[in-house]
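Trainee: got a predicted model here, sequence first, then my questions.
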Amino acid sequence: MNYHFIAIGGSAMHNLALALHDSGHQITGSDDALYDPAKTRLEKAGIAPKALGYHPENIHQGLDAVVLGMHAKADNVELKKAQELGITIYSYPEFVYEQSKHKTRVVIAGSHGKTTITSMILHAMHYHGKEIDYLVGAQLEGFDRMVRLSDGSDFIIIEGDEYLSSAIDRRSKFLWYQPNIALVSGIAWDHINVFNSEDIYVDQFRKFMNTIIPGGSLTYFENDSKVRALVEELQVPIRKFPYVAAAHEVLADQTMVHTEEGELPLKIFGEHNMANLEGARWICQQLGIEPMDFYEAMMSFKGAAKRLERMPSSKGTVFKDFAHAPSKVRATCSAVRHQFPNKKLHAVLELHTFSSLTPAFIEHYKGALSNADTAVVMYDPETLLKKGMAPLDPLFIQKAFDRDDLIVMHSADALRTHLEPCREENALILMMSSGTFAGFDFGYFQT
């Protein structure tokens, strides 16, 4: 088949394009910007755009379909040309469903934890030599690509995102997948630029639960009141498997999980990750992996990229985490504080997303950094300009976080100056953002 990808440079989009290319399909693509690792990977495969930008001549009758990425706008010239020619246009999740509708679909959803849970399941399957198709949003050790679509596997595990499918398909991505086996890890209002009330956001998960195939199953974190309420009202005839965090303890900075055969050491830590662990165990059990085999595999699981990822450092201990929503920031800080109770914790949070830069939403961060000994919130004023948002008052940010000693800064240079004494005291530094910390070079920690 001959497929063209509009906005091919996205994390999921380029991985899907590469997976299809590896399977023998003809792939072309376009984007207005390309960054690594997508740029290098696409160039190596010979399917990188010949020129940046969107060009109507890329769209022709020889295409079997166009796959439209979320970053492409509704007035994209290539999209318009495809519509004029009557070429089949798929949103990314719609295409994934079309490629996997004959398989057993396992979909992992939730406002937080879904990438880690998906990665845990993949790690366990890989560890025990079980082939499975997959779609996951973060790089995982031992996996070259983060999308696999094959003819040989009867199962596919999908990280189910609640964000919109495309500029012309305003449904949440995970509503396309129609899972046979589903998991919901938790619900905490996010993406306020498209879900402008908490009720609308929660309703996406209600709709998701109702897409589970009758006779299928739902595994869910029962300590989340919003999730539990949706499960209690669910009328779809499915099996329901509640879970809580795995029993564990921390001994000398080492997390030990309690199992039927004794305590086992893990490379991951934090109460939220112990909940992720138990959710992944339940899914793996439904896929044929027994609990002790699962725990054996988890002993070598180091986590997904940017999820409490330990960074190389010549002084002190540095973790980088994707946390940006209030619930994620709170859970990450708590996890690090509990794991390293005797180290001084310096937390740095970058406000980068539309939600996190919106004054009404910033108030949800109250107390999120309370576990840190010192706390920094940074944001790039240029980001506010690009998003068409009003400037933020540092005093408002301090008040919203309920922390008078909160330091507010805007540049990578200011951050380096702040961190220098923290490194000298061999402390613990936690960097949290879905962005780049205004271009901060993490190689600094190795100097």
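Mentor: Yep, that arrived. Residues are numbered from 1 along each chain as shown.

Trainee: from here on, just use CA atoms for contacts and neighbour counts.
Mentor: Noted.

Trainee: verify the stated contact: Phe322 with Met432.
Mentor: Yes. The pair Phe322 and Met432 passes the contact test of CA atoms under 8 Å, sitting 5.7 Å apart.

Trainee: higher neighbour count, those two?
Mentor: Remark: of Phe322 and Met432, Met432 carries more neighbours, 27 against 19, as counted by other CA atoms under 10 Å.

Trainee: for Ala12, see how far away that one is.
Mentor: Counting by CA to CA, to the nearest Å, the gap from Met432 to Ala12 is 22 Å.

Trainee: where in the stretch 101-250 of the chain is pLDDT low?
Mentor: 141-142 (pLDDT under 70).

Trainee: and the helices in the chain?
Mentor: Applying DSSP state H to the chain gives helices spanning 11-22, 38-45, 77-85, 92-100, 114-127, 198-209, 225-233, 271-286, 291-298, 326-339, 359-362, 381-386, 394-401, 412-424.

Trainee: neighbours of Ile268, how many?
Mentor: The burial count for Ile268: 21, using other CA under 10 Å.

Trainee: skip the chain neighbours and tell me the closest residue to it.
Mentor: Lys302 (6.2 Å; CA to CA, 6 or more residues apart in numbering).

Trainee: residues in contact with the closest residue in space to Asp404 that isn't next to it in sequence?
Mentor: With sequence-adjacent residues excluded and distances taken as CA to CA, 6+ apart, Asp404 is closest to Gln398, at 5.9 Å. Gln398 makes contact with 404-408 under the criterion CA atoms under 8 Å, 6 or more residues apart in numbering.

Trainee: isn't Gly270 right next to His338, touching?
Mentor: Yes. At 7.3 Å, Gly270 and His338 qualify as touching, with contact defined as CA under 8 Å.

Trainee: name the stretch among the helices of the chain that sits most buried.
Mentor: Of all these, helix 114-127 carries the top mean neighbour count, a mean of 24, counting by mean count of other CA atoms under 10 Å.

Trainee: which secondary structure elements does it contact?
Mentor: strand 104-109, strand 155-159, helix 271-286, helix 291-298 (3 or more CA pairs under 8 Å, 6 or more residues apart in numbering; DSSP states H and E).

Trainee: could you redo the last one with a cut-off of 10 Å?
Mentor: strand 104-109, strand 133-135, strand 155-159, strand 181-184, helix 271-286, helix 291-298 (3 or more CA pairs under 10 Å, 6 or more residues apart in numbering; DSSP states H and E).

Trainee: adding distance to Leu218, write the ones you listed out as JSON lines.
Mentor: Below are these laid out as JSON lines (distance: least, CA to CA, whole Å):
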{"stretch": "strand 104-109", "distance to Leu218": "10"}
{"stretch": "strand 133-135", "distance to Leu218": "19"}
{"stretch": "strand 155-159", "distance to Leu218": "14"}
{"stretch": "strand 181-184", "distance to Leu218": "5"}
{"stretch": "helix 271-286", "distance to Leu218": "9"}
{"stretch": "helix 291-298", "distance to Leu218": "18"}
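
Trainee: closest one to Val376 among those?
Mentor: Nearest to Val376 among the helices and strands packed on helix 114-127 is helix 271-286 (22.7 Å), distances taken as CA to CA.

Trainee: for the helices and strands packed on helix 114-127, which one sits closest to Leu20?
Mentor: Closest to Leu20 of these, according to CA to CA: strand 133-135, at 12.6 Å.

Trainee: the domain parsing of the chain - what is it?
Mentor: In terms of domains, the chain is parsed into 2-87, 95-298, 309-446 (source: automatic domain parsing).

Trainee: gap between the last one and the chain center?
Mentor: Relative to the centre of its chain, domain 309-446 is centred 18 Å away, using CA atoms, centre = their mean, to the nearest Å.

Trainee: with the second one instead?
Mentor: Offset of domain 95-298 from its chain centre (CA atoms, centre = their mean): 11 Å.

Trainee: the residue minimising distance to the centre of the chain and Val106, how far apart?
Mentor: Nearest residue to the geometric centre of the chain (CA atoms, centre = their mean): Thr115, 4.8 Å. Distance of Thr115 to Val106, given as CA to CA: 13 Å.

Trainee: mutual contacts of the two, please.
Mentor: 158-160 (CA atoms under 10 Å, 6 or more residues apart in numbering).

Trainee: got a winner among those for most neighbours?
Mentor: Highest neighbour count within these: Gly160, with 30 neighbours (other CA under 10 Å).

Trainee: surely that one meets Thr115?
Mentor: Yes. Using CA atoms under 10 Å, Gly160 is in contact with Thr115, at 9.0 Å.

Trainee: any common contacting residues for the two?
Mentor: With CA under 10 Å, 6+ apart, Gly160 and Thr115 have common neighbours 108-109, 135-137.

Trainee: looking at the residues you listed, which has the most residues close by?
Mentor: For these, neighbours tallied by other CA under 10 Å; top is Ile108, 30 neighbours.

Trainee: which ones are touching that residue?
Mentor: Applying CA under 10 Å, 6+ apart, we find Ile108 in contact with 114-118, 136, 157-161, 174, 179, 181-185, 218-220, 279-280, 283.

Trainee: Val67 versus that one, what's the distance?
Mentor: Distance of Ile108 to Val67, computed by CA to CA: 23 Å.

Trainee: wait, Ser150 sits on His102?
Mentor: No. Between Ser150 and His102 there is no contact under CA under 10 Å: 11.5 Å.

Trainee: more crowded one of those two?
Mentor: Neighbour comparison, Ser150 and His102: the larger count goes to Ser150, with 18 against 10 (by other CA under 10 Å).

Trainee: can you count the residues close to the closest residue to Thr383 other than its chain neighbours?
Mentor: With CA to CA, 6+ apart as the criterion, Thr383 has its nearest non-adjacent residue at 7.4 Å, and that residue is His352. Residue neighbour count, defined by other CA under 10 Å, stands at 20 for His352.

Trainee: who's in contact with His352?
Mentor: Counting by CA under 10 Å, 6+ apart, His352 touches 324, 378-380, 383-384, 433-438.
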